[in-house]
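Q: Model the following, please.
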Amino acid sequence: MKKYLVTVCAMFLITACKPKPEPIQYGFDSCDFCRMTIVDKRFGGELVTSKGKVYKFDSIDCLDSFYHRANESFAYVLFVDYNQPGTLIPAKDAYLLFSSELHSPMGEGVAAFRDRQQAEEMQKKYGGEIKRCPLPIK
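A: Numbering: from 1, shown residues only. Now for the predicted structure:
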């Protein structure tokens, strides 16, 4: 019995320490950079450190500023998919639309999309420029 208890505890510790993203609680979570409450489900992102600490942001601008000031390594860099509000996508796979016509929470006008075609469709509506993630992500 003691042998099984030790195994179960070890499995729990291994899975508990594994870094993983967590859902943004809109209307409750605050941006870890600007401290504003995160409310717009079309914008934002999340950083998860290699130790499992989760940082949440109301805009990609805030995430970018925080990322460049942090002295931590990140296991996950995620953006909210503009077309699937509240859904996090890996930043390395995202296409970013920079447009002054997008009214993102911090006013920089940046939105993330899962694929280029979706970004191009929004570009027709809002103008701007499509880029890949500028963060140095592994």
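Q: What segments of the protein are strands?
A: Here the chain has its strands, by DSSP state E, at 45-49, 54-57, 74-80, 88-90, 95-98, 110-113, 129-132.
Q: Among those strands, show me which one is buried the most.
A: strand 110-113 (a mean of 25; mean count of other Cβ atoms under 10 Å). (Each C-beta comes from the backbone N, C-alpha and C, glycine too.)
Q: just checking, what packs against that one?
A: Strand 110-113 is packed against helix 60-69, strand 95-98, helix 116-126, with contacts defined by 3 or more Cβ pairs under 8 Å, 6 or more residues apart in numbering; DSSP states H and E.
Q: can you list the strands of the chain in a markdown table and add mean pLDDT and distance to residue 121?
A: Shown next, in a markdown table, are those (pLDDT from 0 to 100; distance: least, Cβ to Cβ, whole Å):
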| stretch | mean pLDDT | distance to residue 121 |
| --- | --- | --- |
| strand 45-49 | 96 | 21 |
| strand 54-57 | 97 | 25 |
| strand 74-80 | 95 | 17 |
| strand 88-90 | 96 | 16 |
| strand 95-98 | 95 | 10 |
| strand 110-113 | 95 | 9 |
| strand 129-132 | 94 | 11 |
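Q: could the ones you listed be laid out in CSV, adding distance to residue 64?
A: Below are the strands of the chain laid out as CSV (distance: least, Cβ to Cβ, whole Å):
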stretch, distance to residue 64
strand 45-49, 9
strand 54-57, 9
strand 74-80, 10
strand 88-90, 15
strand 95-98, 10
strand 110-113, 8
strand 129-132, 12
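Q: Residue 38: which of the ones you listed is closest?
A: For residue 38, the closest of the strands of the chain is strand 54-57, at 6.2 Å, according to Cβ to Cβ.
Q: what residues does the closest one touch?
A: The contact list for strand 54-57 (Cβ atoms under 8 Å, 6 or more residues apart in numbering) reads 21-22, 24, 29-33, 38, 44-49, 63, 66.
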